[in-house]
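Participant: Structure, please.
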Amino acid sequence: MARLLLGGDWQRTTTGAVEGYALLFPMNDLFEEFVGLTLRAAVSPQPVYLQHTGRYALEGQQRRLFALRPDIVVKGDLVIDTKWKELKPDEPRLGVEQTDVYQMLAYARAYEAKRLVLLYPWHEGLAHPGVIRRWRIAGTSTAFDIGTVNVGDPHSVRLTLREIAGKGHETTSTNGSVPESATAIGAF
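Facilitator: Okay, the predicted model is just below:
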């Protein structure tokens with residue numbers, strides 16, 4: 001395998017008669033781990049919990065059901081879930097899936113989070129890494145942010161994550177309102 005890689009000889013995704021090997025990586029897991037460990041270093045000494053457990057969506061009849069496991073919890077009031085998916089900047093919802101929103105709503109309730117972030121890899125179709133869109137959970141003051149990090153520039157990720165974890169001060173004006181540039185038009 002090493003000879004193939006070093007020799008610049010690799011498989012293509014076309015059909016043919018030649019057999020070969022494939023090396024696949026679980027990018028969702030790698031992205032989550034990279035972001036989690038980088039964030040932990042970026043906001044130290046604040047506590048950062050990866051794959052936090054112990055909270056449930058439902059309780060009753062001396063049972064707890066549907067264990068919740070957010071990717072990242074910072075100091076108990078910020079919940080981040082990583083998504084290895086490409087955002088679509090031309091869509092009002094950015095291509096964010098409704099099931100991901102429902103998942104974050106469950107986290108918001110169970111963790112009494114002040115802020116939620118769905119975090120995606122940045123790509124050139126987006127203006128810049130960092131918080132690119134802000135919504136509010138209906139009927140609450142809980143911010144729901146869409147953020148990105150540029151994994152193509154690993155040295156910038158730490159700074160971007162520090163800004164994202166800064167509780168949104170970079171996208172909130174002094175009177176607490178969200179500037180137009182950070183507000184979505186339309187709803188989920």
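
Participant: And stretch 134-142, what's buried?
Facilitator: 134-135, 137, 142 (16 or more other Cβ atoms under 10 Å). Where C-beta positions appear, they are placed from N, C-alpha and C, glycine not excepted.

Participant: Return the mean pLDDT over it, rounded to an integer.
Facilitator: In this model, stretch 134-142 has a mean pLDDT of 91.

Participant: now stretch 71-84
Facilitator: Averaging pLDDT along stretch 71-84 yields 91.

Participant: so what's the residue found closest to Leu159 once you drop the neighbours it is linked to in the chain up against?
Facilitator: Excluding its sequence neighbours, the residue lying closest to Leu159 (Cβ to Cβ, 6 or more residues apart in numbering) is Ala42, at 7.5 Å. Contacts of Ala42 were listed using Cβ atoms under 8 Å, 6 or more residues apart in numbering, and they are 158-159, 161-162, 165.

Participant: Return the member of these nearest to Pro70.
Facilitator: Within the contacts of Ala42, proximity to Pro70 (Cβ to Cβ) peaks at Ala165, which comes in at 14.1 Å.

Participant: Next up, the contacts around the closest one.
Facilitator: By Cβ under 8 Å, 6+ apart, the neighbours of Ala165 are 39, 42-43, 46, 74, 78.

Participant: How much space separates it from Pro26?
Facilitator: As for Ala165, its distance to Pro26 is 25 Å (criterion: Cβ to Cβ, to the nearest Å).
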